[in-house]
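A.B. asks: Turn this into a model:
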Amino acid sequence: MTTISKPRIRAIEITYVGMFAALMAIGANITSMVPFLQVAGVPLTMQTFFAVLAGLLLGSRLGAISMSIYMLIGIAGAPVFSGFEAGIAPIIGSTGGFILSFIPTAYFAGKIVEYAKGNPTLSTFMLAAFVGLFMNYFIGTNYMYFALNFWLEVKMSYGAAWAVMAWFIVKDLAFTVFAACISPRIYRAVTKGSVIHVSTKAS
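C.D. replies: This is a model prediction of the structure:
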């Protein structure tokens with residue numbers, strides 16, 4: 001008979017989750033006060049970097065939890081979204097899809113690392129990081145297109161939506177490669193104190 005124990009979040013894992021939620025708030029606003037690091041009034045943030053890194057280091061479950069907590073803190077009223085915004089308005093705005101996308105970004109990046117069963121290589125981290133980046137842009141850009149055209153009543157073609165995001169993808173490609181490169185050594189240190197996978201016992 002095989003039983004599956006329910007995964008429990010330990011104290012060290014709570015610390016990691018809280019740390020990445022805090023890093024997302026910092027990454028969202030680190031360039032908000034620097035005008036020349038903005039494109040069309042939108043600051044170039046480090047949120048994608050930290051969302052991908054959360055998945056690579058914490059795994060799918062804890063990575064997604066940390067991004068969910070970050071989003072809920074912002075919705076609750078803390079000014080943790082880009083431009084020190086808070087509440088539901090940023091979620092239903094044109095860039096709200098990117099906030100929502102951070103959860104699957106971390107989840108799928110973490111899932112690919114978990115498939116390596118405790119021994120991920122640099123190529124595994126690189127693949128996982130780029131899958132996370134894809135989820136971020138696919139969800140965020142499509143959401144932006146539909147938000148602008150359907151409820152914000154700002155007409156924009158689908159191609160134009162992706163063209164706007166081309167300004168940001170170069171930065172995020174560089175940060176994604178960086179996240180993958182620094183992850184292997186940090187991953188080994190993090191997983192020593194964390195239970196990321198569901199354990200099984202035979203009896």
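
A.B. asks: When you work out contacts or count neighbours from here on, use the C-alpha atoms and nothing else.
C.D. replies: OK.

A.B. asks: Residue 130: which element?
C.D. replies: Assignment of secondary structure by DSSP states H and E places residue 130 within helix 122-146.

A.B. asks: Name the residues that touch that helix?
C.D. replies: 48, 52-53, 56, 93-102, 104-113, 116, 156-158, 161-162, 165, 172-173, 176-177, 179-181, 183-184 (CA atoms under 8 Å, 6 or more residues apart in numbering).

A.B. asks: residues touching the closest residue to residue 88 other than its chain neighbours, list them.
C.D. replies: Spatial nearest neighbour of residue 88, excluding adjacent residues (CA to CA, 6 or more residues apart in numbering): residue 75 at 5.3 Å. Applying CA under 8 Å, 6+ apart, we find residue 75 in contact with 86, 87, 88.

A.B. asks: Quick check: the gap between the second one and residue 80.
C.D. replies: Residue 87 sits 10 Å away from residue 80 when distances are taken as CA to CA, to the nearest Å.

A.B. asks: list the residues that contact both of the two?
C.D. replies: Counting by CA under 8 Å, 6+ apart, the residues touching both residue 87 and residue 80 are residue 74.

A.B. asks: neighbour count winner among these two?
C.D. replies: Ranked by neighbour count (other CA atoms under 10 Å), residue 87 and residue 80 place residue 80 first, with 24 against 18.

A.B. asks: ok, residue 101 - contacts?
C.D. replies: Residue 101 makes contact with 135, 136, 137, 139, 140, according to CA under 8 Å, 6+ apart.

A.B. asks: Kindly provide the whole-number mean pLDDT of the strand or helix carrying it.
C.D. replies: Secondary structure assignment for residue 101, by DSSP H and E: helix 96-114. The pLDDT scores in helix 96-114 average 97.

A.B. asks: Need the residues that contact stretch 55-68.
C.D. replies: Counting by CA under 8 Å, 6+ apart, 13, 16-18, 20-21, 24, 51, 54, 102-111, 113-114, 125, 128-129, 180, 183, 186-187, 190-191, 196 sit against stretch 55-68.

A.B. asks: and the helix holding residue 130 with helix 96-114, angle?
C.D. replies: Here helix 122-146 points in a direction 160 degrees away from that of helix 96-114 (axes from the mean of the first three to the mean of the last three CA atoms, to 10 degrees).

A.B. asks: can you pull the buried residues of helix 122-146?
C.D. replies: Residues of helix 122-146 classed as buried by neighbour count (16 or more other CA atoms under 10 Å): 124-137, 139-146.
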